[in-house]
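Peer 1: Return atomic coordinates for the entry below.
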Amino acid sequence: ALLILLVTAMIFIPVAVQLSRRIGKKTTYAVGIFIMAAACMLVFALGHRLGTTFVFAMMFIAGIGLSTHYPMPWAMIPDTVEYGYLQTGERMEGAYYGVWTLFSKAAQGLLALPLVGLILEVTDYIPDVAQTPVAQLGIRLMFGPVAGVFFVAAAVLLVFYPLNEKRYAELQEKIEAMEKERKIRPRS
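Peer 2: Okay, here's the model as predicted:
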């Protein structure tokens, strides 16, 4: 299932990039996140009833959504860098990329992994044995509603991300004017 997810994501990255050129990076990313959330919820609701083929199909769908996660944040950070440059007059690319990486890794290591461990412990998961119905529910909860809540929260946060292609074009014009003014103004 993981192989299907990741291979699909790799195949669809160029599609995500092309889509972002038509509807914007922010919108493309949000659509991808919602696709992943929907696939996870469908696996939670129906995967145990419809079986492996259905789960594999949903992993393919989730992979389409996941394809947006690889290029979109990295394409949105430069927009943020430009916004920061306009506000401060300094380019701080390293700081922005560093903060993004720090928070991504911290979320994985300090939130996701302990949450998975907690859910497995609470539902009495025991490795290498047939799982009880409660443990199976715990596994399904992690893949479905728990993951879905985080995906939807991320998509909602994207709604409030102020930069889109139109706003970015306006930023570029303001930066150009700011840089032109700096060249003309005598230095003290």
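
Peer 1: buried residues in stretch 44-51?
Peer 2: By neighbour count, with 16 or more other Cβ atoms under 10 Å as the criterion, the buried positions of stretch 44-51 are 44, 47. Heads up, the C-betas are built off the backbone N, CA and C, glycines and all.

Peer 1: average pLDDT for that stretch?
Peer 2: Here the mean pLDDT over stretch 44-51 is 95, rounded to a whole number.

Peer 1: what does stretch 14-25 give?
Peer 2: Stretch 14-25 comes out at a mean pLDDT of 96.

Peer 1: And for the host helix or strand of residue 39, what's in contact with it?
Peer 2: Assessed by DSSP states H and E, residue 39 sits inside helix 25-42. Surrounding helix 25-42, the residues in contact under the criterion Cβ atoms under 8 Å, 6 or more residues apart in numbering are 16, 19-20, 23, 58-59, 61-62, 64-69, 72-73, 75-76, 79, 143-145, 147-148, 151-152, 154-155, 158-159, 161, 163-165.

Peer 1: Any of these buried? List them.
Peer 2: In terms of neighbour count (16+ other Cβ under 10 Å), the buried residues within the contacts of helix 25-42 are 16, 19-20, 58-59, 61-62, 64-69, 72, 75-76, 79, 143-144, 147-148, 151-152, 154-155, 158, 163.

Peer 1: picking up where we left off before, check which element follows the helix holding residue 39 along the chain.
Peer 2: helix 48-50.

Peer 1: Show me how far the longest helix along the chain is from its chain's centre.
Peer 2: The longest helix of the chain (DSSP state H) is helix 2-23. Average the C-alpha atoms of helix 2-23, do the same for its chain, and the two points are 13 Å apart (Cα atoms, centre = their mean, to the nearest Å).

Peer 1: so who does the residue positioned nearest the centre of the chain touch?
Peer 2: The residue at the geometric middle of the chain, judged as the C-alpha nearest the mean C-alpha position with Cα atoms, centre = their mean, is residue 69 (4.5 Å). Residues near residue 69 by Cβ under 8 Å, 6+ apart: 9, 29, 32-33, 36.

Peer 1: Next: residue 126.
Peer 2: For residue 126, the contact set (Cβ under 8 Å, 6+ apart) comprises residue 135.
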